[in-house]
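Colleague: okay, structure incoming, though there's no sequence with it:
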C-alpha cells in the first residue's frame, strides 16, 4: 500500500470510529446507493444488492413508506425494547393495510431477503429487527373494532394490547391480553398470550376465533376451524412461522370494570419463606385469582419480595380469598384495592426497561417442588451494576383444561412461568451480567419443563425443537406447506420438513 492510500484509509477508519453506529450505517448505505444499489443480505447470509429500479418499483406499489438509513423514522422503527440490540435493516417497510403487507412479503421472497416482522418490539432476543435485511414494521397498521352483540373483536395486525383493552372494556367486555399495554397483539397471541385473566378465560390464543394471514407466497388466507384449519391450528402457538397476521378475530367475555388488585411488599430477607408460601397459595387458587411473585434487587436501594394478586371475581369474595395473605405479617407496603382493569393493564408499562440492556431466561413449572425456593435464594445475587429480578407468572386454571395438541401451544400442564432477568446500563459491559444469569439459571433449569417461545433469546435450534414437544412434527408439515423456503425464520423457528 502506498503512502497516499495508507493515509486515506487511515482517515476513513478514524472518521468511522468517531461516528455513532446509526450515522456510520447511513453513510455506508448512501455510498451503496450511489454505486447503483442498496446493500442487503439474503436468507442464507450471502450479501446481495437491491437495484434502484427494484426499490423504486417497491415504493410505487405501497401506500405506506419505505425507510432507509438516515430517513426520518428509520431509527425508531429499527429499534426494539431491549436497547442492547442495535441492528440496521437495509430497508424498513411500514404497511398501512393488507395490500402493503402482500407487496412487502412478495418483494422479500423474490429477492430472498432476510425478513423481520415487528409489531410491539418486545422480543427479548430482538427477533423483530435484523441487520441488512428487510423489516416489516406494522406500527402504521393498527385498529380495533368491537361488536358487543356477538362479543367479538376484530384487531388489525399491528395493534397493541392497550388498544384492545380500551375498546373492549368500554363495552363491558374483555379477553386475555398480557400485562403491559404497549405489547403487540400479534407477537403475544401467536406465541401463547398469558395475562391477568388467563386462568379465567384461557390464553390469548385460546380466544382467537379466526385470523387473516399473508403467507410466504403473498396470498391472504383466512384461517378458522372451517377454513384452512391446519393454519388456524399452527398459528395458535407456532409464533410468526407461517406469515404475517393482518387481522385477529377474538371472542370476548363480559366482566365488571373494577377488579381487586395491588401488591404486598416484604423485605427480601423473607424470600425463602414467602416463596414456599407462594407455591402453596397459588397452587390452590380459584380461576378468578391470578397472583404473581417477584424478587427484586435494584442497583441501588434495598431488595424486596412482592406478592401481586388480581381478583376478577365478585368483589364481596375478595377478602376471603386474600385472607391467607393478611396472615403474612405487616408488609412494607400494601397497595391492594379496587382498581379500574384498563388502568391496571397500563400500570406496569414503565417497568419494562428503558435505555438499558436486558437478558432473560424463562421456563415453565409443571408443579412447585419443595426444593425450588432454596435453589432460588442460594443463587440470587444483588449487584450495584445491575437490576436482578426473578419473577413468577401464574398459569394453570383454564389454560390447563385444554389438550396439549388442541393448538400448537403444548405447555398446558404448567402452573407457573418462571423468569430470571438482568438489566444494566448501556455504557456497562453486558458479558458479566449475562454470564451471571446463565449460571443462576443453570441451578433452576432442572425444575422447568420447556419455556415460553415469546421469551426466546439465544436458544439453539435443538432446544427450540424440543420446546414444541409432540406438536413439532405437525408444525413442520404445515411449515413446509405454507413456507417451504423458511422466509419467516426470525422467531422460535420451525424448520420445514
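Modeller: Yes, it's here. Note that the structure is a prediction, hence the values are computed from the model and not measured.
Colleague: setting aside sequence neighbours, what's the nearest residue to residue 74?
Modeller: Excluding the flanking residues, the one nearest residue 74 by CB to CB, 6 or more residues apart in numbering is residue 67, at 4.3 Å. Heads up, the C-betas are built off the backbone N, CA and C, glycines and all.
Colleague: neighbours around that neighbour, how many?
Modeller: 21 (other CB atoms under 10 Å).
Colleague: and it, what does it touch?
Modeller: Residue 67 makes contact with 73, 74, 77, 91, 92, 93, 94, according to CB atoms under 8 Å, 6 or more residues apart in numbering.
Colleague: could you redo the last one with a cut-off of 7 Å?
Modeller: 73, 74, 77, 91, 92, 94 (CB atoms under 7 Å, 6 or more residues apart in numbering).
Colleague: ok, now residue 419?
Modeller: Per CB under 7 Å, 6+ apart, neighbours of residue 419: 360, 362, 391, 455.
Colleague: which of these sit farthest apart?
Modeller: Pairwise distances across the contacts of residue 419 (CB to CB) peak at 11.0 Å, for the pair 391 and 455.
Colleague: ok, residue 64 - contacts?
Modeller: Residues in contact with residue 64, defined by CB under 7 Å, 6+ apart, are 93, 94, 95, 96, 100, 140.
Colleague: surely the second one meets residue 142?
Modeller: Translated: residue 94. No - with contact defined as CB atoms under 7 Å, residue 94 does not reach residue 142; the gap is 11.3 Å.
Colleague: for this protein, give me the ranges with low pLDDT.
Modeller: Within the chain, the segments meeting pLDDT under 70 span 1-36, 352-355.
Colleague: mind checking which of the contacts of residue 419 land in strands?
Modeller: Among the contacts of residue 419, the members found in strands (DSSP state E) are 360, 362, 391.
Colleague: any idea which of those has the most stuff around it?
Modeller: Of all the ones in strands among the contacts of residue 419, residue 362 has the most neighbours under the rule other CB under 10 Å, reaching 22 neighbours.
Colleague: ok, now how distant is that one from residue 459?
Modeller: 10 Å (CB to CB, to the nearest Å).
Colleague: residue 232 too?
Modeller: With CB to CB as the criterion, residue 232 and residue 459 are 26 Å apart.
Colleague: also residue 183?
Modeller: 21 Å.
Colleague: what does residue 423 give?
Modeller: Taken as CB to CB, the span from residue 423 to residue 459 is 20 Å.
Colleague: sorry, back to before: and which of the ones in strands among the contacts of residue 419 is nearest residue 190?
Modeller: When those are ranked by distance to residue 190 (CB to CB), residue 362 comes first, at 17.0 Å.
Colleague: hang on, the closest one packs against residue 451?
Modeller: Yes - at 4.9 Å, residue 362 and residue 451 qualify as touching, with contact defined as CB under 7 Å.
Colleague: which of the residues in whatever helix or strand residue 319 lives in are buried?
Modeller: For residue 319, the host element (DSSP states H and E) is helix 318-326. For helix 318-326, the neighbour count (16 or more other CB atoms under 10 Å) marks 318, 321, 322, 325 as buried.
Colleague: run through who's touching it.
Modeller: Against helix 318-326 from outside (CB under 7 Å, 6+ apart): 260, 264, 281, 289, 307, 309, 311, 336.
Colleague: could you list which of these belong to strands?
Modeller: If you go by DSSP E, the contacts of helix 318-326 have 260, 264, 289, 307, 309, 311 in strands.
Colleague: got those residues as JSON lines, with distance to residue 437 and neighbour count columns?
Modeller: Shown next, in JSON lines, are those (distance: CB to CB, whole Å; neighbours: other CB atoms under 10 Å):
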{"residue": "260", "distance to residue 437": "34", "neighbour count": "21"}
{"residue": "264", "distance to residue 437": "26", "neighbour count": "22"}
{"residue": "289", "distance to residue 437": "30", "neighbour count": "23"}
{"residue": "307", "distance to residue 437": "23", "neighbour count": "23"}
{"residue": "309", "distance to residue 437": "27", "neighbour count": "25"}
{"residue": "311", "distance to residue 437": "33", "neighbour count": "23"}
